[in-house]
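J.: Requesting a structural model of the entry that follows:
(chains A and B)
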Amino acid sequence: MKLITAIVKPFKLDDVKTALATAGVNGLTVSEASGMGRQRGHVEVYRGAEYAVDLVPKIRIEVLVDDAQVAQTVDAIVKAANTGKIGDGKVWVVPVESIVRVRTGESGTAAL
Amino acid sequence: MAAIDTGDTAWMMMSAALVLLMIPGLALFYGGMVRSKSVLNMIMMSFSALGLVAVLWIFFGFSITFGNSVGDAGYIGDVTQFLGLTSLVNTEAVIGTIPAPVFIAFQGMFAAITVALISGSIADRAKFGAWLVFAGIWATVVYFPVAHWVFAFDEFVATTGGWIANDLGAIDFAGGTAVHINAGAAGLALAIILGKRIGFGKTPIRPHNLPIVMLGAALLWFGWFGFNAGSAVGSNGLSGVAFINTIGATAAAMLSWLLVEKLRYGHATSLGAASGVVAGLVAITPACASVDAIGALIIGAIAGILCALSVGLKFRFGYDDSLDVVAVHLVGGLVGTIMIGFVGVGVGLFDGGGNDQLVKQVIGAGAVLAYSFIVTLIIGKLIDLVIGFRISADEEQAGIDVSFHAERGYELSDSSSGGLSGASKGA
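T.: Residues are numbered from 1 along each chain as shown, chains lettered A, B, ... in the order given. Okay, the predicted model is just below:
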C-alpha cells in the first residue's frame, strides 16, 4: 500500500478529481495548502507598500492505493494537473505500514 | 424665543444618526485593514470611543465646547454653564431653528468620531484600558476646547464663542481643522509615543479583509452627508451645496488616488479606491459650503493625489502610523482647509478675494495642528509612564484580540473547539 501526495494548482482540482475517478480511485482527501518552489510568489501592493508574497495557494491531494495501482494513479494526476507552466506542483509516493477502516475495523488492502 | 422649523429639525435628527453611522463605518474601514488577529480590537477602539465620549459629552463636553467663552478669550467654554445639560434637554429649549437636544446630539457625534479616527495610527498594540483613559483625557483637553475655537459662533448657543470662528474668521464648515487636522496630528503623536509594531517595514503586514474596508468606506461616505450637509444646522440651500460637493470632491479624489497608484505602482487597487474616497471626504469637509462644484472637484483631485503620495512618508521617517491617519486625515484636512484660501467663492485668491482668507486658513490650520500634536504627545507620554500604553511583545505576537479581549474575530472551522473551562455564569 502506498500514500500518494500531490500538490497542484487550485484550479486543477476538478480535473484531477475526474482523472482519479476514471483511474479507479475511490477516495481522496483534499486540503488547502500554501507553499513555494521554483515559481516563488507574486507581488502585492497596499497603499504603495509592495510586499513580495512568497507562499502561493496550492491544493494538497492525498490518495491511498494498492501497490498495483500506483503507476496509473500517479500518471493520471500528472496528466490532469499539467499546464506546462512553472508552478504546476509535485507528486510523491511513500509506503504505508497499515490502514484501518474506522466503520468496520477492516485492515490492510481490504480497508482501501 | 426662536421658532422651531420642522424641516430643519427632521434633517438634523437624520444627520445626527448619519454621523453616528460613520463610527461603525470607520470601525469596518479600519478593521479590514489590520491583520485578522487584531480586527476586534480595532473595531472596539471605535465603538468604545462612541460609548465613552457620548457620556462625557452629556456630562460636561457640550458645555466646554458651546458654553460662554471663559474671559471672552475664545479658548474654552464655561464648563458649568450647561453641566449635565439640565437647562437644555427639555421640550422647550431651542438652538437656531431646531430643538436644543437635536443640536447637542449632532455635535456629540462629531466629538465621538474625532476620537475614533485617532485609533488608526496605533493598530495592533495599544492596551485597551490605556486607550480608554487616553480617549477620555484627549476629548476633554483637546477636542472640546478645539471644537470651541472652531464651532462656537458668538450669539448662537452662548453669547461668546471661539477665537478661530469669531476673531480670526477662518472658514471650517464641518471640521477640517477641529476634526481631521486635530485627529491626524494626534495620530502622529501617538504613533511616535507607542513606537513601531513588531516587524514594521520588515515583514508584510497586510490588510486581512478588503471587502469590509470597502463597505466601511461606503458607510463613511453615506454618513458624511449628515456630517457635511448637516453642518448647515438646517435643511436649506446651504445644506444642498454641501451635499453635492460631498459627492463631487469624493468622486474626484477616488479617481486621482487610483491614477497615482496606476502610474507609480502599475495597479489600481480597491484599497486605493477606498482610501481616495475618505481622502476626498476629509478634504471637502471644511470647504463644502464655500466652493462651487468645480472648486469641489479641484479640492478632491488634489487631495487624492497628495494623500496618495503621503502614505509612503511613514516608511521614510520611520513612524508606524499603521492605517495612515496622517496621510489621509492630516494631509487631507490641510488640503481642504488651505484650498478654501485659493478657490473659496468670493474669498479665495483665484476668485478675487486676495490673500486675506488664505492667511487666516493657514493660521487656523497651523494652530490646531500644533496644539493637538503637542498636547497629545504630553498626554500619551504621561499615560505611558503611569500605566503603560503598549502591550507586551508576546501579547502583540499572539494577537491583541485573544490576549486582551479573549475573543477571535473569525471561527472558520470547528476543529479548535474545546470544553467549557470553569462554571458557566449563565442562567
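J.: So in chain A, where's the weakest helix or strand by average pLDDT?
T.: Scoring the helices and strands of chain A by mean pLDDT, DSSP states H and E places strand A:49-53 at the bottom, with a mean of 84.
J.: Check chain B too.
T.: helix B:313-317 (a mean of 93).
J.: Packing partners of the next helix or strand after that helix?
T.: Later in the chain than helix B:313-317, the nearest helix or strand by DSSP states H and E is helix B:325. If you count contacts as 3 or more CB pairs under 8 Å, 6 or more residues apart in numbering or on different chains; DSSP states H and E, helix B:325 packs onto helix B:182-194. Where you see a C-beta, it was placed from the backbone N, CA and C, and this is true even at glycine.
J.: Format the CA atom coordinates belonging to the helix it packs on as PDB.
T.: The C-alpha trace of helix B:182-194 is given here as PDB (Å, rounded to 0.1, in the frame of the first residue of the first chain):
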ATOM      1  CA  ASN B 182      -6.900  67.600  15.000                       C
ATOM      2  CA  ALA B 183      -7.200  63.800  14.800                       C
ATOM      3  CA  GLY B 184      -4.400  63.500  12.200                       C
ATOM      4  CA  ALA B 185      -1.900  65.400  14.400                       C
ATOM      5  CA  ALA B 186      -2.900  63.400  17.400                       C
ATOM      6  CA  GLY B 187      -2.500  60.200  15.500                       C
ATOM      7  CA  LEU B 188       1.000  61.200  14.500                       C
ATOM      8  CA  ALA B 189       1.900  62.000  18.100                       C
ATOM      9  CA  LEU B 190       0.500  58.700  19.400                       C
ATOM     10  CA  ALA B 191       2.300  56.700  16.700                       C
ATOM     11  CA  ILE B 192       5.500  58.200  17.900                       C
ATOM     12  CA  ILE B 193       4.800  57.500  21.600                       C
ATOM     13  CA  LEU B 194       3.800  53.900  21.000                       C
END
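J.: Touching that helix from outside, list them.
T.: B:114-115, B:117-118, B:120-122, B:125-126, B:134, B:138, B:142-143, B:146, B:314, B:319-322, B:325-326, B:328-333, B:368-370, B:372-374, B:376-377, B:380-381, B:384, B:389-390 (CB atoms under 8 Å, 6 or more residues apart in numbering or on different chains).
J.: residue ranges of the helices in chain A, please?
T.: For chain A, applying DSSP state H gives helices covering A:13-22, A:70-81.
J.: Show me which residues of stretch A:57-76 are buried.
T.: A:58-61, A:63-65, A:69, A:73-74, A:76 (16 or more other CB atoms under 10 Å in any protein chain shown).
J.: same question, stretch B:238-256
T.: Neighbour-count burial for stretch B:238-256 [16+ other CB under 10 Å]: B:238-239, B:241-243, B:245-256.
J.: what's the answer for stretch B:44-55, then?
T.: Quick answer for stretch B:44-55 (16+ other CB under 10 Å): B:44-50, B:52-54.
J.: which residues are contacting that stretch?
T.: By CB under 8 Å, 6+ apart, stretch B:44-55 touches B:20, B:23-24, B:26-27, B:30, B:61, B:108, B:111-113, B:115-116, B:119, B:126, B:128, B:131-132, B:135-136, B:139, B:143, B:405.
J.: Am I right that residue B:222 is in contact with residue B:20?
T.: No: look at residue B:222 against residue B:20 with CB atoms under 8 Å: they stay out of range, at 11.8 Å.
J.: In contact with the one residue in the stretch 301-427 of chain B that gets nearest to chain A, which residues?
T.: Here the residue of the stretch 301-427 of chain B nearest chain A is residue B:311; by CB to the nearest CB that distance is 4.5 Å. By CB under 8 Å, 6+ apart, the residues touching residue B:311 are A:47-49, B:275, B:324, B:327.
J.: which of the residues you listed tops the neighbour count?
T.: Counting neighbours by other CB atoms under 10 Å in any protein chain shown, residue B:275 comes out on top of the contacts of residue B:311 with 32 neighbours.
J.: gap between that residue and residue B:333?
T.: From residue B:275 across to residue B:333, the span is 15 Å (CB to CB, to the nearest Å).
J.: ditto for residue B:296
T.: 16 Å.
J.: which bits of chain A sit near chain B?
T.: Contact residues (CB under 8 Å from any CB of the partner chain) of chain A with chain B: A:44-53.
J.: let's see 10 Å
T.: Contact residues, chain A versus chain B (CB under 10 Å from any CB of the partner chain): A:43-54.
J.: Which members of those are classed as buried?
T.: For the residues of chain A next to chain B, a burial check counting by 16+ other CB under 10 Å picks out A:45-49.
J.: Which single residue of chain A ends up nearest chain B?
T.: residue A:51 (4.0 Å).
J.: Quick check: that residue touching residue B:199?
T.: No: between residue A:51 and residue B:199 no contact is recorded; they are 11.7 Å apart, counting by CB atoms under 10 Å.
J.: what residues do these two have in common as contacts?
T.: Both residue A:51 and residue B:199 are contacted by residue B:205, under the criterion CB atoms under 10 Å, 6 or more residues apart in numbering or on different chains.
J.: what are the pairing partners of the longest strand anywhere in chain A, and which direction each?
T.: Counting by DSSP state E, the longest strand found in chain A is strand A:56-65. Paired neighbours of strand A:56-65 in the sheet (DSSP bridges): strand A:2-8 (antiparallel), strand A:29-35 (antiparallel).
J.: Buried deepest among those strands, which one?
T.: strand A:2-8 (a mean of 20; mean count of other CB atoms under 10 Å in any protein chain shown).
J.: which residue packs closest to residue B:53, ignoring adjacent ones?
T.: Leaving aside its sequence neighbours, residue B:53 sits nearest to residue B:112 (CB to CB, 6 or more residues apart in numbering or on different chains; 4.2 Å).
J.: can you tell me which residues contact the one you found?
T.: B:19-20, B:22-23, B:46-47, B:49-54, B:56-57, B:61, B:135, B:139, B:143.
J.: In contact with residue 68, which residues?
T.: The chain I'm using is chain A. With CB under 10 Å, 6+ apart, residue A:68 has these contacts: A:2, A:109.
J.: you looked at the wrong chain, it should be chain B
T.: Residue B:68 sits in contact with B:77-78, B:80-82, B:152, B:154, B:157-161, where contact means CB under 10 Å, 6+ apart.
J.: Then residue B:174?
T.: B:19, B:110, B:151, B:180, B:224, B:226-232, B:242, B:246, B:281, B:284-289, B:336.
J.: How about the residues of the stretch 201-350 of chain B by chain A?
T.: B:201, B:203-207, B:210, B:257, B:260-261, B:264-269, B:271-272, B:274-275, B:307-312, B:314-315, B:323-324, B:327-328.
J.: The residues you listed in helices, which ones?
T.: B:210, B:257, B:260-261, B:264-265, B:271-272, B:274-275, B:307-310, B:314-315.
J.: quick one: which of those has the most company?
T.: residue B:257 (34 neighbours).
J.: Would you enumerate the residues in contact with it?
T.: By CB under 10 Å, 6+ apart, the residues touching residue B:257 are A:47, B:268-269, B:271-280, B:300-301, B:303-309, B:311, B:328.
J.: ok and the residue in the stretch 51-200 of chain B nearest chain A?
T.: residue B:200 (10.5 Å).
J.: Likewise for chain B?
T.: residue B:204 (4.0 Å).
J.: Neighbours of that residue, how many?
T.: Residue B:204, neighbours per other CB under 10 Å, totals 14.
J.: ditto for residue A:23
T.: When neighbours are counted by other CB under 10 Å, residue A:23 comes out with 18.
J.: now residue A:84
T.: 5.
J.: Next up, phi/psi of it, please.
T.: Dihedral pair for residue A:84: phi 80, psi 0, per degrees, to the nearest 10.
J.: so what's the residue nearest to residue B:215 when sequence neighbours are not counted up against?
T.: Nearest non-adjacent residue to residue B:215, counting by CB to CB, 6+ apart: residue B:28, 5.5 Å away. Shown in contact with residue B:28 (CB under 10 Å, 6+ apart): B:39, B:42-43, B:46, B:209, B:211-220.
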